[in-house]
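> here you go, sequence then predicted model.
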Amino acid sequence: MGKHKPNYFKEYARKNKDRLRRYQRDAKRKRLSEGKCVHCSQERMPNSNSFCKKHWFINVSGSRLGCYTLKGGLFLEQLFKSQEGKCFYTGWEITPGINAELDHTLATNTHPQHKNTKDNVQWVHSYVNKMKRDIPVETFFSVCEAITAKLKKPGLTGT
Ligand SMILES: [Zn+2]
């Protein structure tokens, strides 16, 4: 026996790149056609076209925190649980795959250094995420207060 035991799988994979790619693609298609997650054999979430719950969280972690890992996914799932499945700002119930989105408290445009900071994210309703965008959080609150105050004044709707 030599020091370097050949890695037969790696060797096989190198020699059969196209075949493996085809195999993986077909397996993916098969899983999707059976209502399963694109990445594993778990059932898809009822409101997702691609993912089981675990892979949905991993996918958000990848796209929003730059961390495409199980660890990142588990962190976000835990954060969701710690918020009791409610929007950080409105307290409304939110649902993964429907209206749960990950907000960066300090917007990524203005604070790119905090794009992947775990302390800088929270789960919010998609409406809030659309409204807030890259507005500083204090300004966002002022806007919400101004809207609420104006709505309370008579005359807005002509009544
Ligand atoms: Zn999955």
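Alright, I've got the coordinates. Given the structure is predicted, the values throughout are model-derived calculations rather than measurements.

> make it CA atoms for all contacts and neighbour counts henceforth
Fine.

> show me which residues of this structure are close to the ion?
Within reach of the ion by C-alpha under 5 Å from the ion, the chain has these residues: 37, 39, 40, 52, 55.

> centroid residue for the chain?
With distances taken as C-alpha atoms, centre = their mean, the chain has residue 60 as the residue nearest its mean C-alpha position (2.1 Å).

> show me what the helix or strand bottoming out on mean pLDDT in the chain is packed up against.
Sorted by mean pLDDT, DSSP states H and E, the helices and strands of the chain end with helix 8-15, the least confident at a mean of 86. Using 3 or more C-alpha pairs under 8 Å, 6 or more residues apart in numbering; DSSP states H and E as the contact criterion, no helix or strand is in contact with helix 8-15.

> what's the first-to-last distance across stretch 82-99?
17 Å (C-alpha to C-alpha, to the nearest Å).

> try stretch 84-96
Stretch 84-96 has its terminal residues 13 Å apart, counting by C-alpha to C-alpha.

> mind listing what's buried along it?
Using 16 or more other C-alpha atoms under 10 Å as the test for burial, stretch 84-96 gives 85, 86, 87, 88, 94, 95, 96.

> those: which two are farthest apart?
88 and 96 (14.3 Å; C-alpha to C-alpha).

> circling back: okay, the buried residues of stretch 84-96 in TSV with pLDDT, secondary structure and distance to residue 142 next?
Shown next, in TSV, are the buried residues of stretch 84-96 (pLDDT from 0 to 100; DSSP: H, G, I helix; E, B strand; the rest coil; distance: C-alpha to C-alpha, whole Å):
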residue	pLDDT	secondary structure	distance to residue 142
85	98	coil	25
86	98	strand	22
87	98	coil	19
88	96	coil	17
94	98	coil	24
95	97	coil	27
96	96	coil	28
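
> re the thing from before, my read is the residue nearest to the centre of the chain is in a helix, agree?
Yes - when classified by DSSP: H, G, I helix; E, B strand; the rest coil, residue 60 is found to be part of a helix.

> check the secondary structure at residue 73 for me.
helix.

> which residue, other than its chain neighbours, is closest to it?
Across the structure, with C-alpha to C-alpha, 6 or more residues apart in numbering as the measure, the residue nearest residue 73 apart from its sequence neighbours is residue 58 (3.9 Å).
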